[in-house]
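Participant: This is a predicted model, with the sequence first.
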Amino acid sequence: MRAVGETLRKEREARGVSLQEISEETKISMRFLRAIEEEHFDRLPGGVFNKNFVRQYARYLGLDEETAVQDYLRIAGANRESSEGEKCALPLEMQPSPSGRGYFRIVLSAICLGALAVGLVYGLYRLKNRVAPSTATVGGLSTTPVAASSAPSIPSSVGAAAVASTEPSSPGLATPAESNLAGSAPENPTEAAPRGRNAGEGKLQETGIARQESEPALDLRIASVAPVWLSITTDGQEHWRGTLQPRQTKQVKASDSIRLTVGDAGAVELSLNGNSLPPLGRPGEVKRFTITPQGLEPSP
């Protein structure tokens with residue numbers, strides 16, 4: 001079997017051509033050209049590229065292209081068969097181990113599956129704990145008797161009396177429960193209601209009297225139509241002293257008396273307990289008077 005690599009190398013050296021020149025002309029890498037000469041075809045890209053490289057190399061040197069390709073195929077096929085035979089002859093412990101990348105994928109997949117299983121178990125646990133309290137509550141409600149909640153409440157004294165009445169007693173003797181009921185019940189129920197109504201009316205009447213006594217007997221309203229000086233004394237104590245400006249009002253309340261001094265009698269308008277009083281005098285005139293529940297009296 002002819003060696004195609006050796007044939008091409010000898011022809012190149014005989015022509016005095018370098019690998020660089022052939023690489024520049026054929027656009028084939030010098031590394032691939034050297035692999036063809038050394039017949040290291042496993043360093044080539046493979047497939048149709050290998051045959052194309054051999055064909056261009058032989059064409060550049062003027063050799064028969066098809067013969068060179070056939071020689072290459074025979075050598076490449078023989079090398080492939082020998083490598084496969086050696087691989088089958090390797091013992092089991094010398095077989096190539098899985099690549100690091102494949103092992104990493106297996107480990108990563110196992111970790112993901114473990115995390116997924118843990119999350120699923122935790123979710124089921126939380127769901128079980130959430131459903132358990134609500135179930136217990138519903139169960140507690142279902143055991144509560146409906147009749148007990150709907151039945152009206154009965155006073156303890158009446159219940160005791162009812163129980164006592166069902167027991168036999170000797171003639172002429174009353175049980176303690178019966179005597180208590182007899183003592184606590186009114187003799188005539190129809191008399192109890194009027195008595196309570198009269199008591200309520202009495203309280204209302206007393207409240208009305210107290211309210212009337214607390215309200216002042218005198219309610220004086222002073223309205224100014226012009227600037228006016230005033231001095232006011234209520235129930236013997238000085239209440240206010242000053243000047244009212246136009247359209248100002250002052251409210252004065254007292255129980256017994258109101259003593260009023262007006263610097264300009266024509267500058268004020270008075271109303272007592274909601275009733276208007278007559279004018280006090282002429283404009284510019286100073287007036288002093290006292291107001292009592294009996295009426296208006298001039299003061300010295």
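Facilitator: Great, that's in hand.
Participant: Please identify which helix or strand holds Pro216.
Facilitator: Under the criterion DSSP states H and E, no helix or strand holds Pro216.
Participant: Over to it: give its phi and psi.
Facilitator: Backbone dihedrals for Pro216, given as degrees, to the nearest 10, come out at phi -70, psi 150.
Participant: The one 4 residues further on too?
Facilitator: The phi and psi values for Leu220, taken as degrees, to the nearest 10, are phi -110, psi 130.
Participant: Kindly state the pLDDT recorded for it?
Facilitator: Leu220 is assigned 89 on the pLDDT scale.
Participant: ok, now which ones touch it?
Facilitator: Neighbour list for Leu220: 251-254, 258, 260, 270-272, 291 [criterion: Cβ atoms under 8 Å, 6 or more residues apart in numbering]. Backbone N, C-alpha and C define where each C-beta goes, glycine included.
Participant: Separate out the buried members of the residues you listed.
Facilitator: Neighbour-count burial (16 or more other Cβ atoms under 10 Å) applied to those gives 252, 254, 258, 260, 270, 272, 291.
Participant: ok so, going back, need the worst-confidence member of the contacts of Leu220.
Facilitator: Lowest confidence among the contacts of Leu220: Leu260, with 86.
Participant: quick one on the thing from earlier: and of the buried ones among the contacts of Leu220, the nearest to Leu230?
Facilitator: Nearest to Leu230 among these is Leu260, at 7.0 Å by Cβ to Cβ.
Participant: what's the helix or strand for that closest one?
Facilitator: strand 258-262.
Participant: what does the helix or strand just after that strand contact?
Facilitator: As assigned by DSSP H and E, the chain's next helix or strand after strand 258-262 is strand 268-272. Contacts with strand 268-272, where a contact means Cβ under 8 Å, 6+ apart, come from 218-225, 228, 230, 244, 262, 276-277, 280, 291, 296.
Participant: re the thing from before, so which two of the buried ones among the contacts of Leu220 are the farthest from each other?
Facilitator: Of all pairs in those, the most separated under Cβ to Cβ is Ala254 and Leu270 at 13.9 Å.
Participant: before we move on, the earlier item: show me which of the contacts of strand 268-272 are buried.
Facilitator: 218, 220-222, 224, 228, 230, 244, 262, 277, 280, 291.
Participant: Can you tell me which of those lies closest to Ser23?
Facilitator: Leu244 (122.7 Å).
Participant: The closest one contacts Ser231, correct?
Facilitator: No: Leu244 lies out of contact with Ser231 (Cβ atoms under 8 Å); the separation is 11.6 Å.
Participant: which residues of this structure score low on pLDDT?
Facilitator: 1-2, 78-103, 131-214 (pLDDT under 70).
Participant: Tell me what the nearest residue to Leu244 once chain neighbours are set aside is bridged to.
Facilitator: Spatially, and ignoring its direct neighbours in sequence, Leu244 is nearest to Ser224 (4.0 Å; Cβ to Cβ, 6 or more residues apart in numbering). Bridge pairing for Ser224 (DSSP bridges) gives the partners Val268.
Participant: in stretch 69-77, what counts as buried?
Facilitator: Buried, per 16+ other Cβ under 10 Å, within stretch 69-77: 69, 71-72, 75-76.
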